[in-house]
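> Structure for the following, please:
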Amino acid sequence: MINIQAGKRYRSIKTKDIYVILHTGLAARDSGQCLIVYRRAYGDDKTVWIRSKTEFDEKFEEAPNHEI
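Residues are numbered from 1 along each chain as shown. Here you go, the predicted structure:
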C-alpha cells in the first residue's frame, strides 16, 4: 500500500505515464471508501480521473525523484 498524498506524483505501472494527485476524498454513498482524484502531470490533457484507493494502489507506484 502506497502513501497517497495530494501534490505527489505517481507512475502508472501499465503505461509508465506520470500523474499528479489533486485530492483524496470519501465516496458519498459508499461507507467510507477512499477515492483518489488525479490527472496527467504533463501535456495539455486536463482530464481528471477518480479511482478507489484500493484500485489506485494496484495500478500505480510512486514516481522516482528523477522522473518528477
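
> all helices for the chain, in order.
For the chain, the helices defined by DSSP state H cover 53-59.

> the longest strand in it is where?
Of all the elements of type strand in the chain, the one with the most residues (DSSP state E) is strand 18-26.

> tell me which residues of it are tucked away?
Ile18, Tyr19, Val20, Ile21 (16 or more other Cβ atoms under 10 Å). Glycine gets a C-beta too; all of them are placed from N, C-alpha and C.

> In the protein, where is pLDDT below threshold?
By pLDDT under 70, the low-scoring segments of the chain are 1, 30, 65-68.

> now do 80
Scanning the chain for pLDDT under 80 picks out 1-2, 29-31, 64-68.

> now the strands for it?
Using DSSP E, the strands of the chain run over 9-12, 18-26, 34-40, 48-52, 60-62.

> Isn't Ser53 up against Gly32?
In this structure residue 53 is Lys, not Ser. No: the pair Lys53 and Gly32 does not pass the contact test of Cβ atoms under 8 Å, sitting 10.7 Å apart.

> Name the residue in the two with the higher neighbour count.
Neighbour count, other Cβ atoms under 10 Å: between Lys53 and Gly32, Lys53 has more, with 15 against 6.

> ok so, going back, from the contact counts, what lies against the longest strand of the chain?
Judged by 3 or more Cβ pairs under 8 Å, 6 or more residues apart in numbering; DSSP states H and E, strand 18-26 is in contact with strand 9-12, strand 34-40.
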